[in-house]
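A.B. asks: Sequence and predicted structure, then a few things I'm wondering about:
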Amino acid sequence: MRERKKIGLTTAIFIGLFLGAATGILFHYVVPAGKIRDDVFINGVFYVVGNGFLRLMQMLVVPLVFSSLVCGSMAMGDTKKLGKIGVKTLGLYLVTTALAITVAILTANVINPGVGLNMTSIQAAEVTIAEKTSLADTLLNIIPTNPIKALADGEMLQVILFALIVGVILAGLSESAETVGSFFSQFNDVMMQMTVMVMKLAPYGVFCLIAKTFSGIGFNAFLPLFKYMAGVIIALAIQCCFIYMIMLKGFTGLSPVKFLKKFLPVMGFAFSTATSNATIPMSIDTLDKKMGVSKRISSFTIPLGATINMDGTAIMQGVAVVFAAQAFGIHLTLSDYMTVILTATLASVGTAGVPGVGLITLSMVFASVGLPVEAIALIMGIDRILDMSRTAVNITGDAVCTTIVAYQDKAVKRETFNDPAAGLNAEN
Ligand code: ASP
């Protein structure tokens, strides 16, 4: 009997991604509309399996973040060290976001996405406007008044704060709270095991999510906005392939090619789901098993990044600002651009990494420099595909910063990072 060659999870996720895209496009253009196509496949199988998988991933997020963060801060123990890591991570997150918008504004000024735009050929949609929260309230919102509610609502920053405090106290109490400490570390093992189990379904989930999305996208809508889309995608590529990789190489000396190769499935997953939050478990698991980045660091920095570090989103916002200014003939000064950089950076703090949120906070960015909010309606129709792409960059930024912070804290196992087979056994 011939032995069947087993394909790894990574390859399977990519096969799912491409087959899903091909199936979706086929369904959109070739398969005639009707009960079978729409009810049985698009809104039946694709919807149920795709969203079922997404819900399973989301199910993991809060318990996994909470337990792994308690264990992480318990292992670290010392608040000074924790503070140092926190400050370093925040600093890196802010720098990468500011760099991202700068790249976006520069790219957009070369491509000129809004020049010569035929507005009548674009379908405008209704715009949701973000409510502005003051900086003081954003900061206050980090403290949960009811930690159980924070867990129930998945308020990531509040969950992070509470878990950190619990972990630090457990470290201080050591033996007298041994039972609680071992409970969390055993519960964390359970959650990691659950992550591995759910991940096995990823190829099917990704196939269905992508097939459903692509079957609903009208590619004709892309044409008038082609330059805008190209601007966002080029800037995303520059950020991901150059800025991040130069930072990684510069700060750690680790190979960017190996990093990208190992992290690609996580990016594929983020692309299919367009949510950074749901990607947290897979990101922590990949960094740990394939790259040797300690969970002690990633369990803190990855959920934090999913909430406050959205470089891809900032890029879309930077290009959108230039696009709207050009389309409506508004001249922006250097100080306007500075305001955009500041507002877009702050707007991402405290907003959860879920689909489409970047478009909502964009209204805050537009308002800060007096651009018409109606311009958002122009780009809404094609935003999903950009949302998918920017989410992949958002989570890559978190992972790169995490690797740098962990490396400087001697929490990266170089042999694991360099071993092409690391973590693959667990996949099969
Ligand atoms: N979907 C993005 C994320 O989850 C946020 C956005 O840009 O809309 O990271």
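C.D. replies: Nice, thanks for sending it over.
A.B. asks: who in the stretch 301-428 of the chain is up against the ligand?
C.D. replies: Counting by CB under 6 Å from any ligand atom, the stretch 301-428 of the chain comes close to the ligand at 310, 313, 353-358, 387, 390-391, 394. Just so you know, the C-beta spots here come from the backbone N, C-alpha and C atoms, and that holds for glycine as well.
A.B. asks: residues in contact with the residue of the stretch 151-300 of the chain found nearest the ligand?
C.D. replies: Residue of the stretch 151-300 of the chain nearest the ligand, by CB to the nearest ligand atom: S276 (3.4 Å). Neighbour list for S276: 270, 305-306, 310, 353-354, 391, 394-395, 398 [criterion: CB atoms under 8 Å, 6 or more residues apart in numbering].
A.B. asks: Which ones among the residues you listed map onto helices?
C.D. replies: In this view, the contacts of S276 that belong to helices under DSSP state H are 270, 305-306, 391, 394-395, 398.
A.B. asks: Reformat the residues you listed as JSON lines; add neighbour count, pLDDT and distance to D288.
C.D. replies: Converted to JSON lines, the ones in helices among the contacts of S276 look like this (neighbours: other CB atoms under 10 Å; pLDDT from 0 to 100; distance: CB to CB, whole Å):
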{"residue": "A270", "neighbour count": "27", "pLDDT": "96", "distance to D288": "17"}
{"residue": "G305", "neighbour count": "28", "pLDDT": "94", "distance to D288": "16"}
{"residue": "A306", "neighbour count": "27", "pLDDT": "93", "distance to D288": "16"}
{"residue": "T391", "neighbour count": "31", "pLDDT": "97", "distance to D288": "21"}
{"residue": "N394", "neighbour count": "30", "pLDDT": "97", "distance to D288": "20"}
{"residue": "I395", "neighbour count": "30", "pLDDT": "98", "distance to D288": "15"}
{"residue": "D398", "neighbour count": "32", "pLDDT": "97", "distance to D288": "14"}
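A.B. asks: Tell me how many other residues surround the residue in the stretch 251-400 of the chain that the ligand sits nearest to.
C.D. replies: Scanning the stretch 251-400 of the chain for proximity to the ligand using CB to the nearest ligand atom identifies G358 as nearest, at 2.6 Å. Residues near G358, counting by other CB atoms under 10 Å, number 29.
A.B. asks: Give me the below-cutoff pLDDT ranges for the stretch 51-200 of the chain.
C.D. replies: Counting by pLDDT under 70, the stretch 51-200 of the chain has low-confidence residues at 119-132.
A.B. asks: Hmm, I360 and M380 touching each other?
C.D. replies: No. Applying CB atoms under 8 Å as the test, M380 and I360 come out as separate, 10.5 Å apart.
A.B. asks: So for the residue of the stretch 151-300 of the chain closest to the ligand, what's the pLDDT?
C.D. replies: S276 carries a pLDDT score of 95 in this model.
A.B. asks: Next, V412: phi, psi?
C.D. replies: phi -120, psi 130 (degrees, to the nearest 10).
A.B. asks: Might one say that it is in contact with A406?
C.D. replies: Yes. Using CB under 8 Å, V412 makes contact with A406 at a distance of 5.0 Å.
A.B. asks: Among these two, which residue is more densely surrounded?
C.D. replies: A406 (25 against 22).
A.B. asks: which ones are touching that one?
C.D. replies: Residues near A406 by CB under 8 Å, 6+ apart: 293-294, 297-298, 301, 412.
A.B. asks: which one is it nearest to, not counting chain neighbours?
C.D. replies: Closest residue to A406 apart from its sequence neighbours, by CB to CB, 6 or more residues apart in numbering: I297 at 4.2 Å.
A.B. asks: The one you found falls within a strand, correct?
C.D. replies: No. Counting by DSSP: H, G, I helix; E, B strand; the rest coil, I297 is not part of a strand but helix.
A.B. asks: So what's the residue count around P32?
C.D. replies: 7.
A.B. asks: Relative to D38, how far out is it?
C.D. replies: 10 Å (CB to CB, to the nearest Å).
A.B. asks: Over to T89?
C.D. replies: Using CB to CB, T89 is found at 46 Å from D38.
A.B. asks: Could you do I143 as well?
C.D. replies: 47 Å.
A.B. asks: still on that earlier bit, turn the contacts of S276 into CSV, including distance to K84.
C.D. replies: As requested, these are exported to CSV (distance: CB to CB, whole Å):
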residue, distance to K84
A270, 29
G305, 17
A306, 21
M310, 24
G353, 25
V354, 30
T391, 29
N394, 25
I395, 24
D398, 19
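A.B. asks: where are the low-confidence patches of the stretch 201-350 of the chain?
C.D. replies: Along the stretch 201-350 of the chain, the model assigns pLDDT under 70 to residues 350.
A.B. asks: What is the neighbour count of the residue nearest to D78 when sequence neighbours are not counted?
C.D. replies: Leaving out its chain neighbours, the residue that sits closest to D78 by CB to CB, 6+ apart is A171, at 7.7 Å. For A171, the count of nearby residues is 19 (other CB under 10 Å).
A.B. asks: same thing with F183?
C.D. replies: The local packing of F183 (other CB under 10 Å) involves 14 other residues.
A.B. asks: Only C-alpha atoms, please: export stretch 247-257 in PDB.
C.D. replies: Taking C-alpha atoms only, stretch 247-257 is exported to PDB below (Å, rounded to 0.1, in the frame of the first residue of the first chain):
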ATOM      1  CA  MET A 247      13.400  46.500  12.700                       C
ATOM      2  CA  LEU A 248      13.500  42.800  13.400                       C
ATOM      3  CA  LYS A 249      16.900  42.300  11.800                       C
ATOM      4  CA  GLY A 250      18.300  45.500  13.400                       C
ATOM      5  CA  PHE A 251      17.100  44.800  16.900                       C
ATOM      6  CA  THR A 252      17.600  41.000  17.100                       C
ATOM      7  CA  GLY A 253      19.600  39.800  14.100                       C
ATOM      8  CA  LEU A 254      17.000  37.100  13.600                       C
ATOM      9  CA  SER A 255      16.200  36.200  10.000                       C
ATOM     10  CA  PRO A 256      13.200  38.100   8.500                       C
ATOM     11  CA  VAL A 257      12.700  35.400   5.900                       C
END
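A.B. asks: Quick check: V31 is in a strand.
C.D. replies: No. Under three-state DSSP, V31 falls outside any strand and is assigned coil.
A.B. asks: Distance check, it against the ligand.
C.D. replies: V31 sits 29 Å away from the ligand when distances are taken as CB to the nearest ligand atom, to the nearest Å.
A.B. asks: Got phi/psi on that residue?
C.D. replies: Per degrees, to the nearest 10, the backbone of V31 is at phi -70, psi 130.
A.B. asks: Quick check: it touching R37?
C.D. replies: Yes. Taking CB under 8 Å as the definition, V31 is a contact partner of R37 at 4.9 Å.
A.B. asks: That concludes my questions; thank you for your assistance.
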